[in-house]
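Asker: got a sequence here, can you build the structure:
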Amino acid sequence: MDMIKGVLEFDPLAQAEMAFGNKHWSEFSEDEMMASMGLAFLHNDRKDKLLQKSHDTHFSMDWDEFEEIVTSNGFKIGYEEKFPYEDHYEKSVMFYHEDGLLIWVTSFWNMKSVNGGKLYGEIKFNDVRNRAKIPGCSNGFFDLDNNKLHFDVDIREGLIWFINQMKQYGDFLPQWEENNKFL
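Answerer: This is a model prediction of the structure:
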């Protein structure tokens, strides 16, 4: 199994629930809750180190690291806007890729960190069976008649891994055929 896939899919709380007799976390004793939190902290540390080593996005990353990762993978800045927030400025940026992928991301901490963002795109699958193989994404919808998926996915963990997984199953559409009402 792919190490990044394994670490992204691992649920430390579910593992703790199984380890403590298949009880729900709300039924944990104080010691069990502390052990499950320790497992979550260790897992998050392992995940962040693996993603950093893989030159991929991870939670709590600084802006410069994020920008270096996406630009080294072919994304370019298409739009940038700075806006006032409390006593400083933040920014939102749209990155684009020639294969039709778009990233919308916002900053945090006076433009020093990544706050959040989404990767948007469309893919035409090269085989109907590939629909069941895609990594998780939210707000996506299938055009079953044309074997396509319009998707968006959180950019903060494993973005490059996600893109590379999707490339195995079809071709990104440089010109979207669906109107994305969320952008």
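Asker: by mean pLDDT, which helix or strand of the protein comes out lowest?
Answerer: One helix or strand of the chain scores below all others by mean pLDDT, DSSP states H and E: strand 138-143, with a mean of 68.
Asker: ok now the helix or strand that that strand is followed by, how far from the chain's centre?
Answerer: Per DSSP states H and E, the first helix or strand lying C-terminal to strand 138-143 is strand 148-154. Strand 148-154 sits 11 Å away from the centroid of its parent chain (Cα atoms, centre = their mean, to the nearest Å).
Asker: in the sheet, who's paired with D143?
Answerer: With DSSP bridges as the criterion, D143 is bridged to K148.
Asker: do you know how far it is from H150?
Answerer: From D143 across to H150, the span is 7 Å (Cβ to Cβ, to the nearest Å). In short, each C-beta sits where N, CA and C put it, glycine included.
Asker: neighbour count: these two, which is higher?
Answerer: The residue with more neighbours, out of D143 and H150, is H150; 20 against 13, by other Cβ atoms under 10 Å.
Asker: which residues does the residue nearest to M166 when sequence neighbours are not counted contact?
Answerer: Leaving out its chain neighbours, the residue that sits closest to M166 by Cβ to Cβ, 6 or more residues apart in numbering is I123, at 5.7 Å. Contact partners of I123, counting by Cβ atoms under 8 Å, 6 or more residues apart in numbering, are 148-149, 151, 166, 169-173.
Asker: mark which of those are buried, thanks.
Answerer: Taking 16 or more other Cβ atoms under 10 Å as the criterion, what is buried in the contacts of I123 is 148-149, 151, 166, 169-170, 172-173.
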